[in-house]
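Q: Need the 3D shape of this:
(4 chains)
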Number of protein chains: 4
Amino acid sequence: MSRVLNVAVVGATGVAGQQALVSLDNHPWFKVVALAASHRSAGKTYREAITTASGQLRWACQEPVPAWANDLLVQNAEDLSLDGIDIVFNATDGDSAKILEPKYARTTPVISTTSAFRYEDDVPIFIPGVNLDHAPLIRVQQKNRGWKGFVTPIPNCTTTGLAMSLAPLHRAFGVSGVVMTSLQAISGAGRSPGVLSLDILDNVIPYIPKEEEKVERETQKILGTLDDSVIRAADFPVSATCMRVNVRDGHTEAAYVGLKKRASVDEVADAMRAFGKDLVALNLPSGPTQPITVVSDPYHPQPRADRDLDGGMTTVVGRIREDRLLPNGIKYVLLSHNTKMGAAKGATLVAEYLYKAGYLS
Amino acid sequence: MSRVLNVAVVGATGVAGQQALVSLDNHPWFKVVALAASHRSAGKTYREAITTASGQLRWACQEPVPAWANDLLVQNAEDLSLDGIDIVFNATDGDSAKILEPKYARTTPVISTTSAFRYEDDVPIFIPGVNLDHAPLIRVQQKNRGWKGFVTPIPNCTTTGLAMSLAPLHRAFGVSGVVMTSLQAISGAGRSPGVLSLDILDNVIPYIPKEEEKVERETQKILGTLDDSVIRAADFPVSATCMRVNVRDGHTEAAYVGLKKRASVDEVADAMRAFGKDLVALNLPSGPTQPITVVSDPYHPQPRADRDLDGGMTTVVGRIREDRLLPNGIKYVLLSHNTKMGAAKGATLVAEYLYKAGYLS
Amino acid sequence: MSRVLNVAVVGATGVAGQQALVSLDNHPWFKVVALAASHRSAGKTYREAITTASGQLRWACQEPVPAWANDLLVQNAEDLSLDGIDIVFNATDGDSAKILEPKYARTTPVISTTSAFRYEDDVPIFIPGVNLDHAPLIRVQQKNRGWKGFVTPIPNCTTTGLAMSLAPLHRAFGVSGVVMTSLQAISGAGRSPGVLSLDILDNVIPYIPKEEEKVERETQKILGTLDDSVIRAADFPVSATCMRVNVRDGHTEAAYVGLKKRASVDEVADAMRAFGKDLVALNLPSGPTQPITVVSDPYHPQPRADRDLDGGMTTVVGRIREDRLLPNGIKYVLLSHNTKMGAAKGATLVAEYLYKAGYLS
Amino acid sequence: MSRVLNVAVVGATGVAGQQALVSLDNHPWFKVVALAASHRSAGKTYREAITTASGQLRWACQEPVPAWANDLLVQNAEDLSLDGIDIVFNATDGDSAKILEPKYARTTPVISTTSAFRYEDDVPIFIPGVNLDHAPLIRVQQKNRGWKGFVTPIPNCTTTGLAMSLAPLHRAFGVSGVVMTSLQAISGAGRSPGVLSLDILDNVIPYIPKEEEKVERETQKILGTLDDSVIRAADFPVSATCMRVNVRDGHTEAAYVGLKKRASVDEVADAMRAFGKDLVALNLPSGPTQPITVVSDPYHPQPRADRDLDGGMTTVVGRIREDRLLPNGIKYVLLSHNTKMGAAKGATLVAEYLYKAGYLS
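A: Numbers count the residues shown, from 1 in each chain, chains lettered A, B, ... in the order given. Coordinates of the predicted model:
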């Protein structure tokens, strides 16, 4: 912890990249020293790169543009020099990531918000508090690929809250199956163009391409066990329906969970509340004080009211009750902040953990 | 069909009552001749009764106030004279209905949008096309209670679309269990005060009191079988989570259905499309031309785009796909217009059927 | 009126073009026989051209796609053959219009929803009911430019309601100055990408590029007088602030009007109500029954409640009251349907008038 | 400044009262020691008083309920004991305020968010930074009425931003007339029931009862001069149209201002930026660092993006440009946070000033 690490943010002009800048602003351990994006932005100052011809600032965060970012020159992501860079945060789209991330990883650790490498066998998908015991797979990945760096993606923002809420149940009672319907915020779609206002006003969009498959697959991998250099995916099926609603930030999810061992509503709540004490004990700068916040008011969690609890890094769970259908069924509603814990701030938390655990030096 | 029946609308100043007036406007068989509401409105013209002191018209429908309604005098529901009245549409709240409906039913058939009598053993909950074979229970009810009239409630607006979509599956393949998450429109909450704008803007409310219990119980009753003067409820469990979203009209529901007999996605779609031909053949004035409309565009059904299809009387189903969790599982998204098929216009359709079937004369 | 005219719609895949198809569906006088758009759509059927790779239909109207349009082949607008075409409706963007419209006009009348030619001296900007006496300028244009056809644009959708409401005041009392603040619907921005949902949820955008200049200039031209082959613009200043609000359709405008001659609130309302009887007398298929609808409920006009009055072709005016600031000041709130009267349906009404007046044969 | 003052908050369960609690949370000078509301809440703890029978917390602020408030007993406002109380914050409705405030003022200073006393000749309406030189009127009021305390209301939340932005213009150039159209947030209507979601979704409501009259009258009084114990109202007319839009917090206003002396856009911006340095110099705990923030991006101010600048206590002004109509006309768009500067936090700032100026001891 003796020196500050130098960070490059790639895809810095997009929504996920902007969130990365905000999550790294005033960070005690990390300092952004390089920004990169597509060739269209290369050579401009960051401020110029996010300002349209008509003078409009294309900035998607509630927090202002960090002052130090305005005058940084944006580099071309394809030619980015990694001399002196300790970590890359990659926030491009997935297609670009497939090309860029292996290039960067030859020399440098890459924390990614994209799905490009999520489904590779030697790539862990980290959620701090849930599966940091998958970290040794990083060494396998480096050996396999001959890389000095590595790639660790965070999950899809819809997976994050679900996997977080399932983790204590899986550990304490065993999960036998999951049904989940999501009501996802518009910020999850980015902003170029993201969700069009004509499409979402007074409306619900009942389909988000590839989202359900991602949630089903990632949840099983994240809750799987690392066993002799291989992650054995959790064996319970997950069935999801992913929808878009007219909410800015915060994914709401209705979950129905079959358990292997019967548990009361109180036991479920207690297991959730107790979860993640090891993460909290690490005292990471971006970490939550309470990884899962259980609320008793039946009208909560609500995205607008609750998404910013604990810096947007806690998963809020409410309405825990028995389910009539699944074996030893439990159902609840969860809320996870898709652009905090589910995106760049979650990636920052992963980087903090990896630093403490010795993977970044 | 030789004469026009005289109708009284009770609870005429509320949202459900207003919708009743609209659904009965220009009706070929029914004519509204009496309006009733609480003592606060009694003695006023209908126009006066729905206009606030500051001159604001409290009218919740997109359609204008039917011209004939403006000058009708509103009677006190407690003293309503039923001389010459052939049918009562009751749209009060449930507590008032418990007192008023039995009083009216002594002499006159009551079609109700309230839950007051839904769970009584001798009361059928009709959805036209689904369970009109429960109609003989009306005679049992009349005998039991010594009434010349009767009470038939329609279901909760969230039950309607679910039960409609399940009916063809239950008949063709057998249903073994249902999980359902609803995204309900704000109009379902009425308007005094209904949902407050401060509560729903940029938000989801994950709880609607008593709604889940209603859906679970009513679905089983509606899809049950009338057997020797008793409805045997369908034996599959239903597990629901009911939420409110910022949509004006149209309840969207994600359903996951276990089947007793395996069926492909195409077989499910075909069964739904073929359903309700008997209802359509009756050619009722408020009936749909297609009780269930199956769409293939994965981005639909959407409430704003699709709720008004077929006069708001069809249930729109899309995204039919296999479910990984439930036995022979199928999942889909449905949309039902909560203030048309799910409310007064649905009640009007019930009345039309009962008239044709000889229960109203 | 003996034969049906053949119409080509150019820019048919965009929002304005889609509205044109809807406004021409089942038209008694006009029949769409050709569709054109950019080279990207050329050669596809219309249905294909408006369907994305992931199967999503990009259709912006509440009305369904007219059945006859689905299988029409889309032509390249640059090579569009006008053989047998009696009228072109052009709904491209303004830059394309500058090139395409003069090309088409060499042989064929062009009704345009773009601003490309609005500010040319020999081009009238028609609002039916307001300034059809500018029609002789068409002959001047044809002579000037050596065209057999001509170009007549409709105004910007924000101008339409303002100019309509000012016309009776200008005639009866004289207008000395106008202040106008608009609250414009998101559909006015089109949909590629139009207004992003992240930008407008829980928000107001206080700027729409070039909009204020258009309103100020067009209003003066439309209310000007044709005098010896030249339109003398009305001499009163117009000062506008144009904002975007989270409303789907319907522009709301707060107007403050100085009059040359004092008029009471009642006199103003009477002048508005009486306005446009000559237009109504023409009995045009798309015309309103009442060009200006004056309402007395102070809570109206409201976009959602009132925009569809009279087929979206009436300007709804309410809250008429005295203004303390401008000389003989009057203020009011108006509502105009930006995608009906303010767009393609308004253009259709112009075509209907020109047909009746002998300019299209 | 040697001791902490004891505060009673009356109307503590309503929206304005809740905001008062938040604005006084952790205050360095003031401590809330008593809460009062209507007899319905009297005797309950505060937490109980704001929780519904079904367990829903009726809390309107984004900030959580201050921990110290939960267990305070709510008193009946009519019997509130003022022993040991140094200041009353009154946030009841206006009718109650007419009775309660004079009662309290017999012994104790009352800072009020209501309109009950705003239009009395001996009552100043304070906006810190604008008219604290009206403070000597407090002594006149005390003498007139024989009170040891006094009543000072803050303005209507729509007046606040307008008067703030006009103040530097009035001082530097003289104002000759103002036209203002407001786009007001739903939180301005409170929440019992406030604005109904069915009324505002996809809509604008063009009328807010009494609002325009308040703005016109209060602006003139606030910008008037205290002259021999009487406030001479500013002599320029104000003409307003007040509308409601679907925005949570932050009133947007389009202002058109006639000046007595010509000023360029830059001179106007400079005068605004320089305004209020005397207020800032006082270093009050709730005060802004910049009373008026002038922005150059033409797409701003936007309520969601800008309302929380400077703790919600700055008035944000953008789009300053010349106006074609009014003499030496200037127009601009302003944004003022209606539930911060325009409500309880503004009242707290008034109290802070009065304390420093010696009126509270």
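Q: pLDDT score for the residue lying closest to residue A:56 once chain neighbours are set aside?
A: Spatially, and ignoring its direct neighbours in sequence, residue A:56 is nearest to residue D:299 (4.7 Å; C-beta to C-beta, 6 or more residues apart in numbering or on different chains). Placement of C-beta: from N, CA and C, glycine included. Turning to residue D:299, the model gives it a pLDDT of 94.
Q: what's near enough to touch residue D:299?
A: A:55, A:56, A:57, C:205, C:206, C:207 (C-beta atoms under 8 Å, 6 or more residues apart in numbering or on different chains).
Q: now swap in residue A:131 and tell me
A: A:124, A:125, A:167, A:222, A:223.
Q: Number of residues surrounding the fourth one?
A: The local packing count at residue A:222 equals 26, with neighbours defined by other C-beta atoms under 10 Å in any protein chain shown.
Q: which residue packs closest to it, ignoring adjacent ones?
A: In space, and not counting its chain neighbours, residue A:222 is closest to residue A:163: 4.6 Å by C-beta to C-beta, 6+ apart.
Q: Three-state assignment for that neighbour, please.
A: helix (DSSP: H, G, I helix; E, B strand; the rest coil).
Q: Could you double-check that it lies in contact with residue A:221?
A: No - taking contacts as C-beta atoms under 8 Å, residue A:163 lies outside contact range of residue A:221: 9.2 Å.
Q: what ranges do the strands span in the stretch 101-250 of chain A?
A: Using DSSP state E, counting those that start in this stretch, the strands of the stretch 101-250 of chain A run over A:109-112, A:150-153, A:175-184, A:225-227, A:230-232, A:238-244.
Q: Need the phi and psi values for residue A:298.
A: With angles defined as degrees, to the nearest 10, residue A:298 sits at phi -70, psi -20.
Q: quick one, what contacts it?
A: By C-beta under 8 Å, 6+ apart, the neighbours of residue A:298 are A:318, A:319, B:207, D:54, D:55, D:56.
Q: try 7 Å
A: Shown in contact with residue A:298 (C-beta atoms under 7 Å, 6 or more residues apart in numbering or on different chains): A:318, A:319, B:207, D:55.
Q: filter those residues by proximity to chain C?
A: Contacts with chain C within those, counted by C-beta under 7 Å from any C-beta of the partner chain: none were found.
Q: any idea which of the residues you listed is closest to chain C?
A: residue B:207 (22.2 Å; C-beta to the nearest C-beta).
Q: and the closest one, how many neighbours?
A: With other C-beta under 10 Å as criterion, residue B:207 counts 21.
Q: how about the nearest residue to it, chain neighbours excluded?
A: residue A:298 (4.5 Å).
Q: can you check residue A:20 too?
A: residue A:344 (3.9 Å).
Q: Next, the one you found: phi, psi?
A: According to degrees, to the nearest 10, residue A:344 has phi -60, psi -40.
Q: That one: neighbouring residues, count only.
A: Residue A:344, neighbours per other C-beta under 10 Å, totals 28.
Q: try residue A:3
A: 9.
Q: Could you do the one 10 residues further on as well?
A: When counting by other C-beta under 10 Å, one arrives at 24 neighbours for residue A:13.
Q: which bits of chain A sit near chain D?
A: Checking chain A against chain D by C-beta under 7 Å from any C-beta, the hits are A:55, A:56, A:57, A:201, A:202, A:297, A:298, A:299.
Q: Residue A:262 and residue A:328 touch, don't they?
A: Yes - between residue A:262 and residue A:328 a contact is recorded at 4.5 Å, counting by C-beta atoms under 7 Å.
Q: So which of the two has more stuff around it?
A: Counted by other C-beta under 10 Å, residue A:262 and residue A:328 do not tie: residue A:328 has more neighbours, with 17 against 11.
Q: Now residue A:338: closest residue in space that isn't a chain neighbour?
A: Residue A:338 sits nearest to residue A:157 (C-beta to C-beta, 6+ apart), 3.9 Å away.
Q: In this structure the one you found contacts residue A:253, no?
A: No - with contact defined as C-beta under 7 Å, residue A:157 does not count as touching residue A:253 (10.9 Å).
Q: ok, the spatially most distant residue from the centre of chain A - contacts?
A: Distance from the centre of chain A peaks at residue A:54, with 33.2 Å (C-alpha atoms, centre = their mean). Counting by C-beta under 7 Å, 6+ apart, residue A:54 touches residue C:209.
Q: And it, what's its pLDDT?
A: 78.
Q: Repeat that for residue A:198.
A: Per the predicted model, pLDDT is 88 at residue A:198.
Q: ditto for residue A:192
A: pLDDT at residue A:192 comes out at 66.
Q: Ok, the one 10 residues further on next?
A: Predicted confidence (pLDDT) at residue A:202: the value is 97.
Q: With residue B:176 as the reference, measure out to it.
A: 36 Å (C-beta to C-beta, to the nearest Å).
Q: Mind picking the two most distant members of the contacts of residue D:299?
A: For the contacts of residue D:299, the maximum inter-member distance is 14.0 Å, found between A:57 and C:206 (C-beta to C-beta).
Q: More neighbours: residue A:163 and residue A:221, which one.
A: Taking neighbours as other C-beta under 10 Å, residue A:163 and residue A:221 compare with residue A:163 leading, 28 against 22.
Q: Restricted to buried residues, select the contacts of residue A:298 in PyMOL.
A: If you want just the buried ones from the contacts of residue A:298 in PyMOL, going by 16 or more other C-beta atoms under 10 Å in any protein chain shown, the selection is:
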select buried, (chain A and resi 318+319) or (chain B and resi 207)
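Q: okay, the contacts of residue A:298 in CSV with secondary structure next?
A: Formatted as CSV, these follow (three-state DSSP):
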residue, secondary structure
A:318, strand
A:319, strand
B:207, coil
D:55, coil
